[in-house]
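In: Return a 3D structure for these sequence lines:
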Amino acid sequence: MKDVIGGVCAPKGFKAWGLHCGIKADSEKKDLALIFSEKICNAAGMFTTNRMKGASVLVSQESLADGKLHAIIANSGNANACTGQAGLDAARGMAELAARETGVNPADVAVASTGPIGVPLPMEPIQNFVKPLAENLIAGKEGHDAALEAIMTSDGRAKEVSVEIEIDGKPVRIGGMVKGGKMLHPNMATLLCFLTTDAKISPQALERCLRPAVQNSFNRLTVDGDTSPNDTVIIMANGEAGNSAITAFSDEIEVFSKALEAVCILLAKAAARDGDGATKLISVTVAGAPNDDIAANFARTVAASNLVKSAFFSAGASWARALCAAGYAGDFEAEKTSLRFQSRAGSIEPFKNGSPAAFCEKEAKEIFLEEEVEIIIDLGGGFGKATAWGCNLTLDYISMNGAPPGYSGSR
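Out: Down below sits the predicted model:
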């Protein structure tokens, strides 16, 4: 697998664009995006488990019912969630507008929205700008960049991946983009993620690959413990690479599945690193569990702990907080457990086989000051292993998500 340039437009046959239409009325930032395939795609998606689903999720689930898509239209600046029938009408209206301007069936257009919840989605800006949005669709990095910018809200960094693999002697590309900085927690997809590929693959095989990819990436991501009503992961495959068709039982499915999972893991880590106010990526690896699922639960629990996250804000060596979080994640034998921290600055093991171990406080501080830090917990009870990703919790998270006007610091 090698890196290539172009994001969702790296695979053959995909175009994209993004522009400012005015949903973000107080900003000139782009807020409307379109991803389009010249050829109808086999497609699959996964969505939020929140029972208060956004209108875009409901409409996209309808569009994906037959495993086909031609386009995705997405907006930022308004989540169109908790908006009732008017919200559903607006989401369907977005699909219809995109379909009209691209000449495709509205049932083959997925919709995504992100932004403030509980606010009616203004349709006039979208109606006025879908035509130029469609007219400016372009392949390559320029189209991808414009679309990615248009789905970003509080994101501080662009989160994108595009890779090339070989299947059946043909180069096959997978591209992806993600938006998300808050309301990210393991309960399905955790954010907006759009994936494209020029692989020829059946809808059944595509779904079979997407589910474990999401399970082992986005479902192991946590920023703040909240699950959005709009969480969406969609993949479109147009078959333009020219490989022999990948089916649910073909040998090539493993090659594609591993590449897709690798792409999703890279995007999940990028989302964790870019959590609202975050300054560190925290990886939590748990080994020695009875199986991988149990290990994943332990890893997610530790990564989600506010005490653990806060310790990394100050870079303090509060190592026991990770053990405390593991202690309420499930059953294990404390006397067999070991804990290690590592980063580019080095490694320390403050707890080994159930007892505290000596370590250098100065070295620990240097390890914790790095932008990426890994917590490694060995439960000593099996061969299960899994990694989850999170970030530190800073004062900026509060100021970005709920500080009252005029608030200037803690009291």
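In: residues in contact with residue 177?
Out: Contacts of residue 177 were listed using CB atoms under 8 Å, 6 or more residues apart in numbering, and they are 7, 8, 144, 147, 148, 151, 158, 159, 160, 193, 194, 267. For glycine as for every other residue, the C-beta is placed from the backbone atoms N, C-alpha and C.
In: swap in residue 87?
Out: 54, 55, 80, 81, 120, 121.
In: before we move on, the earlier item: most widely separated two among the contacts of residue 177?
Out: Distances among the contacts of residue 177 were taken as CB to CB; the most separated pair is 147 and 267, at 15.0 Å.
In: With neighbour numbers in mind, choose between those two.
Out: Using other CB atoms under 10 Å, the more surrounded residue of residue 147 and residue 267 is residue 147, with 30 against 24.
In: Does that one touch residue 19 like I think?
Out: No. In this structure residue 147 lies outside contact range of residue 19 using CB atoms under 8 Å: 9.5 Å.
In: Show me which of the contacts of residue 177 are buried.
Out: Buried members of the contacts of residue 177, counted by 16 or more other CB atoms under 10 Å: 7, 8, 144, 147, 148, 151, 158, 159, 160, 193, 194, 267.
In: And for stretch 338-356, what's in contact with it?
Out: Contacts with stretch 338-356, where a contact means CB under 8 Å, 6+ apart, come from 317, 319-320, 322-323, 333-337, 357, 359-360, 363-364, 366-370, 372-378, 380.
In: rerun at 7 Å
Out: 319, 322-323, 334-337, 357, 359, 363-364, 366-367, 370, 372-378 (CB atoms under 7 Å, 6 or more residues apart in numbering).
In: buried residues in that stretch?
Out: Of the residues in stretch 338-356, those buried (16+ other CB under 10 Å) are 338, 339, 340, 341, 342, 343, 345, 348, 349, 350, 351.
In: Please work out the average pLDDT along the lengthiest strand in the chain.
Out: Selection of the longest strand in the chain by residue count, based on DSSP state E, yields strand 32-47. Mean pLDDT, strand 32-47: 97.
In: next SSE after it?
Out: Next helix or strand after strand 32-47 toward the C-terminus (DSSP states H and E): helix 55-63.
In: Mind listing the strands the helix or strand just after that next one pairs with, and their directions?
Out: On the C-terminal side of helix 55-63, the nearest following helix or strand under DSSP H and E is strand 68-76. The strands beside strand 68-76 in its sheet (DSSP bridges) come out as strand 32-47 (antiparallel), strand 109-114 (parallel).
In: ok and the longest strand of the chain relative to helix 55-63, angle-wise?
Out: Orientation check (axes from the mean of the first three to the mean of the last three CA atoms, to 10 degrees): strand 32-47 against helix 55-63 gives 70 degrees.
In: how about a markdown table for the contacts of residue 177, with secondary structure and pLDDT added?
Out: Listed next are these as a markdown table, based on DSSP: H, G, I helix; E, B strand; the rest coil; pLDDT from 0 to 100:
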| residue | secondary structure | pLDDT |
| --- | --- | --- |
| 7 | helix | 97 |
| 8 | helix | 98 |
| 144 | helix | 98 |
| 147 | helix | 98 |
| 148 | helix | 96 |
| 151 | helix | 93 |
| 158 | coil | 77 |
| 159 | strand | 84 |
| 160 | strand | 95 |
| 193 | strand | 94 |
| 194 | strand | 98 |
| 267 | helix | 94 |
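In: Helices along the stretch 151-300 of the chain, start to end?
Out: 203-215, 253-273, 292-304 (DSSP state H, counting those that start in this stretch).
In: With distance to residue 180 as new columns, can those helices be given to me in CSV?
Out: Converted to CSV, the helices of the stretch 151-300 of the chain look like this (distance: least, CB to CB, whole Å):
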stretch, distance to residue 180
helix 203-215, 14
helix 253-273, 5
helix 292-304, 15
